[in-house]
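[1] got a sequence here, can you model it:
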Amino acid sequence: MELNEMEKRMLYQTEGSERYAILHELLMASRYAKEPDRRRVADSLMEKLCPLLDKECMEIVNDIRRNYRLPKEGRTIGELIAEARQKSGAEQLKGHDIMALERFDPEVRHMVVFEVLSGDSFVGDKGDRMRLFLTDAGYRRFQERQENGEIKIQEHLKVAPDGYLYHDHSRDGEHIR
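    Below is the predicted model:
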């Protein structure tokens, strides 16, 4: 698929980890961008990506995220953030974004990063790495699903009522943002 420079630049800034999330970001850019050129680029990208399967779409997006280099001049905040994400090499997880609104729900007390082990899992596909914010009851269900071999919890952090994350085994209650 041929993408022009502006399309690559816009796709580079997306944060979604699945086709529908990428298309939603582009739809929002198309609706709310102040510059007509930016709206046209978002519309063009949606036209090109809509017919693709999730896997095909994400192969293109991930290639752009790994290999695209921004021109040196005139970088936006979104581009600088995307560049930092690229340089960090951090894996993009499916599920909730690290700053998802769910994190700030007063009932939410846990953040888990897990791998889906079962092909018939209740969430995700086998091999997916995901992040979710959970209530106490939700976390108990996740522990049961881990015991049943459906998932493997790789990381667990407590979520304070103000949304701060911290390790539950920490002696000093050190916060993680």
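[2] close enough to count as contact, Val113 and Leu134?
    No: Val113 is beyond contact range of Leu134, at 11.6 Å (criterion: CB atoms under 8 Å). (Glycine included, C-beta is placed from N, CA and C.)
[3] please say which of the two ends up with more neighbours.
    Leu134 (21 against 16; other CB atoms under 10 Å).
[4] verify the contact between the more buried one and Glu107 for me.
    No: at 9.3 Å, Leu134 does not count as touching Glu107 under the criterion of CB under 8 Å.
[5] can you report phi and psi for Leu134?
    phi -130, psi 150 (degrees, to the nearest 10).
[6] tell me how far it lies from Lys152.
    16 Å (CB to CB, to the nearest Å).
[7] and if you look at Val41?
    In terms of CB to CB, Val41 sits 40 Å off from Lys152.
[8] cool, Arg145 as well?
    Separation of Arg145 from Lys152 (CB to CB): 10 Å.
[9] look at the two and report which has more neighbours.
    Higher neighbour count among Arg145 and Lys152: Arg145, with 20 against 12, using other CB under 10 Å.
[10] give the contact list for the nearest residue to that one once chain neighbours are set aside.
    Among residues not flanking Arg145 along the chain, Ile151 sits closest, at 5.2 Å (CB to CB, 6 or more residues apart in numbering). Contacts for Ile151 (CB atoms under 8 Å, 6 or more residues apart in numbering) come out as Phe114, Glu115, Val116, Leu117, Ser118, Ser121, Phe142, Arg145.
[11] let's see that with 7 Å instead.
    Phe114, Glu115, Val116, Leu117, Ser121, Phe142, Arg145 (CB atoms under 7 Å, 6 or more residues apart in numbering).
[12] need the residues you listed in JSON lines with distance to Asn4, can you?
    Rendered in JSON lines, the data for the contacts of Ile151 read as follows (distance: CB to CB, whole Å):
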{"residue": "Phe114", "distance to Asn4": "38"}
{"residue": "Glu115", "distance to Asn4": "37"}
{"residue": "Val116", "distance to Asn4": "36"}
{"residue": "Leu117", "distance to Asn4": "41"}
{"residue": "Ser121", "distance to Asn4": "39"}
{"residue": "Phe142", "distance to Asn4": "44"}
{"residue": "Arg145", "distance to Asn4": "45"}
